[in-house]
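> need a 3D model of the sequence below.
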Amino acid sequence: MSWFPASPPSQRWAYALTALVTASAVPVHAQTIQAPQKTVRVEDPNPSIIIEAEEISGRPDRVLNLERNVEIVRGQTRLTAASACFKQVENEVTAVGDVRMWRFGDRYKGDELKLNLSSGRGWVLRPEYKMELNNAQGQASRIDFVSEDEAFITNGTYSTCEGPNPDWYLRSSTLRLDAGRDVGVAGKTIVYFKGVPIIGTPAMSFSLSGARRSGWLPPSIRSGSGSDVEVEIPYYFNIAPNRDLTLYPRLMLGRGLQFGATGRYMGETGAGTYQGETHAEVLLGDRKTGTDRWLVNSTHGQALRRNWTYGWNVNAASDNEYPSDFSKSINTSAQRQLVRELRTDLYGKYWNLAARVQNYQVLQDPAAVSDRTLTVARPYDRLPEVLFHAGRFDVGGFDWTVEAQVTRFSHPELPTGNRAVLVPQVSYPFVRPGYFITPKLLLQASTYQLERASAGAPSSLSRTVPTFSVDSGLVFERQSKLLGRSMTQTLEPRLFYVYTPYKNQAQFPNFDSAEASFNFSQIFNENRFIGSDRIADANQLTAAVVSRFIEANGAERLRVALGQRFHLSEQRVQLVAGAPRNESRSDALVAAGGRISENWAFDSAVQYNARTSSVVNANYGVQWQPGDKKVVNAEYRFVRDSFKNLDLSAQWPLSMRWYGVGRVSYSVQDSKILESLIGLEYKADCWVFRMGAQRFVTTARNTSKPFFFQLELNGLSKLGYGSPLESFYKSIPGYSRLNPGAGR
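This next block holds a predicted model:
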C-alpha cells in the first residue's frame, strides 16, 4: 500500500484560502508541508490551523465546507481528503473520501474521519494505519481516537511487518494502542504466521516499543535432566523503573511443579547507591527423589554513609545433585562451591577497613563416592575476618602501604585457629623518560593461635620475614610499520630482583595458601605463593622484554613478550614439607596478542621447559570477524598431564537470510567431545527463527542434551522450545543477535 499519494501537478488550477485560527494574537508565518518524520510528541499549545482546498464555502467564523484536494494542518497533525467540513467553534473536522492523516509520525488512511483538533478525539472508518514507534501497521473496521496518544481499534489487525501481506499479524476483536504508556492491550486474539493461525488467546498485552512492562512473558518449553519436558510460564512485574520481579512457575513432567522468583532493584539514598538481586526456586516433593528441592542466590550492596558500605553474597542449595538436575547451562552445572558472605567496608582518604564473615557449602559430584579424585575440597570458613589497608604515593618521593588482617579460620575436619598478619612496605620509584627503577622493602609478620593443631605441633606460632626487591626497566621507541601501516614500536626490557631469607615454616598450618599460577603477572611478584601462610624464600632475578606496536591514536595493535625467572639459590619453602627445589631457572614464558587489523585478533601464551625441551602449558586463540554477524573463533589449550582441548565456534551467514552458529570443544587427550552446539537462524524482515541442539557435561558421568527452536515475532513475542539466544551468547564469543532492536 502507498501512504503518500503523488503530488498534483503544479500547473493545475487551484483555489486556496488559508484560515488562521489561533487562541492568541501571534504573527503568522508561511509553512511548507512535508512528508512526516519521526518527531517528539511535544505540541504547541496554541498552534495555527492551515486549511487549503480547491473550493471553500460557508461562513469563515463558523463552518467551512471544503471540496477537492482538501488539506488541513494543525501543529503536528495533518490530514487530506476529497471533501471535509471544518467547524471553527468546536475546532472539529469531518472528512470523507480517500481520507489520510499524519499525526506525530503515525499515519492513517480510511473512508471517513471525524476529529477534534483540540482534544485529539475522533474516529476513522475502515482504516489502514502505520505507527512510527515500532513500525507497526494494520487495518480495521474502525479506529477511535481516545486522545492524541491512545487509539481503540475494532476488529483489527496488528503487525510489525512491512507490506500489504505481512508474514505475521494478530487479528483481534478489540485492540487498544496507548503510545503514551507504551502498551498494546488486545481482546480475543488469534496470531497468524504465514496465513496459518498458530496461537489464540482470550486477551493479551504487549509493549509497543519492546520496553519492559508487567505481564506474562513468552512461555518456555525445554528438555530438562533425564530428557524430561519442562514448561515454564514466567510473569513479569515492572514494579518501578528501578525495581522488578519475575515469577517462574515451571512444570516438570517427571518431577512436579517448581516455583521460582527473581527480584532486582537499584536506587539511591542520601548516603549513596544500592543494588541487589535475589533468585529463589523450590520444588516440593520431587517425584524422582521424594525430597524437597530448593536453591537460593542473593546479592546486595549498599552505601550506609558516604564512605561506609555493606553487602552480602548468599548461595545455597538443598542437595549435592541440584546443579546437575536443574542446571540450564554448563556454567551453572559447574558451580560446586557455594559461598555465603556478609561484608562491610569503611573508607578514608588514604585507608580502608573491611570486615566479613564467610563460609561455603560444597556440593560434591555424585561420582565422588566411588572416585575420590572427583572430591571437591572444602575451603576454610572465615568467622570473621578483618582487613585493613592504608597507603600513600609520592610522599617526599616515597610510596608506602600497610596491610593488616586478623582472621578466625574454621573447618569441620582440619586444624583451626586464629591468624594475624601485618605487611608494611615502602618503595622509592625513580621514573624518568625512557627508564624506571623502583627499590622496595617490605616486612611480612604473622602470628597464629591454633585450637586443633596437628599432633606434636605448637599451639602458638609467629614469624617475621623481610623482603627486598628492585624493579627496573628501559623503554626504547622507533617508527616502524605493521602490515603496511605506520606504527610506533617499543622495546621494553625489564629486570626484577627479589631477596627473601629462608624461614622454616613446616609447622605452620595452611589455611589459604597455594602455588600461584605461573604467568607474566606472577613472575613480577615477590612471593610465588598466594595467601599468607607461606612466604617463599627467594634470591632470584626475573628478566623480561616486551615489544609493542602502537598507532598514532594510542591503540595498541600488537604486543609480544618474553620472560624467565633465574634462581640464584635453592627454594626451600614448600606448601608441604619436602626436599628443596634446586632449579637454576624457571620455565620460559612467551606471549603475543593483539588486534592486528580490524578483522583479526589473536592471543597466545606458552610456558616452555628448556630442561626437558617440552611445552608445559600453552594457550592459542584467534578470532576472525570480517563483518557484521560474521565471526570465527579457534582456541587450543594445553596443560601437560592434565588436558589438551581444542575449541572452535562460529557465526556465519549461509545465504542472504540463513545463518549458521556452532561450537565444539574437543578433548584431544581423551578423544571425546566435551561440549557441542549447532544451530540455524533465519532472519526475515519482521521475524527470526532459531533452532539447534547442545550437549554439555553436568557431572563426571552425566551430560545434558537440550535442543531448542524459537520463533521471534519482532515487537510481539518469542514462541518456541528452549532458550537458543542464551546458549548462542554464552557459547560463541562475538555472537551478534540478528534483530538487535527487537526488544528484550
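> hmm, residue 293 is touching residue 326, no?
Yes: shown here, residue 293 and residue 326 form a contact pair, counting by C-beta atoms under 8 Å, at 7.5 Å. Every C-beta, even on glycine, is put in place using the N, C-alpha and C of the backbone.
> burial count for residue 141?
Residue 141 has 11 neighbours, counted by other C-beta atoms under 10 Å.
> residue 156 is in contact with that one, correct?
Yes: under the criterion of C-beta under 8 Å, residue 141 makes contact with residue 156 at 7.2 Å.
> for the stretch 401-550 of the chain, what are the low-confidence residue spans?
Within the stretch 401-550 of the chain, the stretches with pLDDT under 70 are 454.
> please enumerate the strands of it.
Using DSSP state E, counting those that start in this stretch, the strands assigned to the stretch 401-550 of the chain run over residues 417-427, 430-432, 435-450, 460-474, 476-482, 485-500, 514-515, 529-530, 538-550.
> neighbouring contacts of the first one?
Going back to what we said before, that points to strand 417-427. Strand 417-427 is contacted from outside by 398-409, 438-453, 459, 509, 511, 532-533, using C-beta atoms under 8 Å, 6 or more residues apart in numbering.
> mind listing what residue 80 touches?
Listed by C-beta under 8 Å, 6+ apart, the contact set of residue 80 reads 5, 69-72, 98-101.
> hang on, the earlier thing: as CSV, the strands of the stretch 401-550 of the chain with distance to residue 671 and mean neighbour count would be great.
Shown next, in CSV, are those (distance: least, C-beta to C-beta, whole Å; neighbours: other C-beta atoms under 10 Å):
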stretch, distance to residue 671, mean neighbour count
strand 417-427, 46, 17
strand 430-432, 53, 9
strand 435-450, 47, 17
strand 460-474, 45, 16
strand 476-482, 39, 12
strand 485-500, 42, 17
strand 514-515, 30, 12
strand 529-530, 34, 17
strand 538-550, 37, 19
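> of the ones you listed, which is nearest residue 93?
Taking C-beta to C-beta, strand 485-500 is the member of the strands of the stretch 401-550 of the chain nearest to residue 93, at 63.6 Å.
> partner strands of the closest one, with direction?
Neighbouring strands of strand 485-500 in its sheet, by DSSP bridges, are strand 460-474 (antiparallel), strand 476-482 (antiparallel), strand 538-550 (antiparallel).
> name the residues that touch the first one?
Think strand 460-474. Strand 460-474 has contacts (C-beta under 8 Å, 6+ apart) with 434-450, 491-501, 503, 505, 507-508, 524, 526-527, 535, 538.
> what of stretch 219-235?
Residues outside stretch 219-235 that contact it (C-beta under 8 Å, 6+ apart): 215-217, 246-255, 288, 324-326, 328, 698, 704-708, 719-723.
> so which of those residues are in strands?
Within these, residues falling in strands by DSSP state E are 215-216, 246-252, 704, 707-708, 719-721.
> what's the most distant pair in the residues you listed?
Farthest pair in the ones in strands among the contacts of stretch 219-235 (C-beta to C-beta) is 215 and 704. Separation: 30.4 Å.
> return the set of buried residues in stretch 46-61.
By neighbour count with 16 or more other C-beta atoms under 10 Å, stretch 46-61 contains the buried residues 47-53, 56.
> how long is that stretch from one end to the other?
Taking C-alpha to C-alpha, to the nearest Å, stretch 46-61 runs 18 Å from one end to the other.
> give me the phi and psi for residue 254.
Dihedral angles of residue 254 (phi, psi; degrees, to the nearest 10) stand at phi -90, psi -10.
> how many neighbours does it have?
Residue 254: 14 neighbours (other C-beta under 10 Å).
> and it, how far is that from residue 207?
To residue 207, residue 254 is 35 Å away according to C-beta to C-beta, to the nearest Å.
> return the residues in contact with the closest residue to residue 119 other than its chain neighbours.
Of all residues not flanking residue 119 in the chain, residue 147 sits nearest, at 7.2 Å (C-beta to C-beta, 6 or more residues apart in numbering). Counting by C-beta under 8 Å, 6+ apart, residue 147 makes contact with 119-121, 180.
> among those residues, name the buried ones.
120-121.
> TSV please, covering the contacts of residue 147 and showing pLDDT, secondary structure and distance to residue 714.
Output for the contacts of residue 147, formatted as TSV (pLDDT from 0 to 100; DSSP: H, G, I helix; E, B strand; the rest coil; distance: C-beta to C-beta, whole Å):
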residue	pLDDT	secondary structure	distance to residue 714
119	85	coil	33
120	85	coil	28
121	90	coil	31
180	76	coil	22
